[in-house]
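> predicted model follows, preceded by the sequence.
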Amino acid sequence: RIEALLSLGLANSPMAGARNRVSSGNYITAKPLGIVDGTDMQHTGEVRRVDSEAIQQRLEDGDIVLISPIGYSPTGEIFNLTVEEVATQVAVRLNATKLIFLMDTEGVRNGRRQLLTDLSTRDAESLLVHPERLAPDVRVYLPAAVRACDNGVKRAHLISRLHDGALLIELFTRDGVGTM
């Protein structure tokens, strides 16, 4: 369904009716998470490999690449993966310059509840020492952003998916609306 909607463009926009090419596929090879703290995680997995060459080829062909948080083992088993792990691994493997996470909150806030517009990975790691002080979605996405930056991604952004125009404001204004 998502692939079909992306292929048609946005309604009531200059792109309405556009024939965008959307590619999806088995770009992620996964492995089972196994047993964690005595619990069999069954069909939950983690990324084993990203077919970055295939993704890059689709991008060079002008396609929109749709990557699902579902991974397949070499034997055909299907595993659920976390969105943040898939996004981080794909960004690192593609040598991306930016990774953007859309969240329910505006970004990372300090102890006085002020939005932190930019953080170094060192500052982010110090905030993660006390995760209970962070919003639940920041606890999920901030470690992924740090991992991405530590592995070659130049910048990671955490912005609100609920703020109209947040992506454009974050990328094309000096102050943005989230945390970089």
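In hand now; what should we look at? Numbering: from 1, shown residues only.

> run through the residues that contact residue 117.
Residues near residue 117 by CB atoms under 8 Å, 6 or more residues apart in numbering: 107, 175, 176, 178, 179, 180. From N, CA and C alone the C-beta is placed, and that goes for glycine too.

> the first one touches residue 166, doesn't it?
No. Under the criterion of CB atoms under 8 Å, residue 107 lies out of contact with residue 166, with a separation of 9.8 Å.

> of the contacts of residue 117, grab the buried ones for PyMOL.
To isolate in PyMOL the members of the contacts of residue 117 that are buried, counting by 16 or more other CB atoms under 10 Å, one can use:
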select buried, resi 107+176+178+179+180
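
> which SSE is residue 140 in?
helix 136-150 (DSSP states H and E).

> skipping adjacent residues, who's closest to the most centrally placed residue in the chain in space?
Among the residues of the chain, the one closest to the centroid is residue 87, at 3.6 Å (CA atoms, centre = their mean). Of all residues beyond its chain neighbours, the one nearest residue 87 is residue 99 (6.3 Å), with distances taken as CB to CB, 6 or more residues apart in numbering.

> one step back: may I ask which of the contacts of residue 117 comes out lowest in pLDDT?
Confidence by pLDDT is poorest for residue 175 among those, given 86.

> got the angle for the helix or strand where residue 85 lies vs helix 136-150?
Element membership for residue 85, per DSSP H and E: helix 83-93. Helix 83-93 runs at 20 degrees relative to helix 136-150, counting by axes from the mean of the first three to the mean of the last three CA atoms, to 10 degrees.
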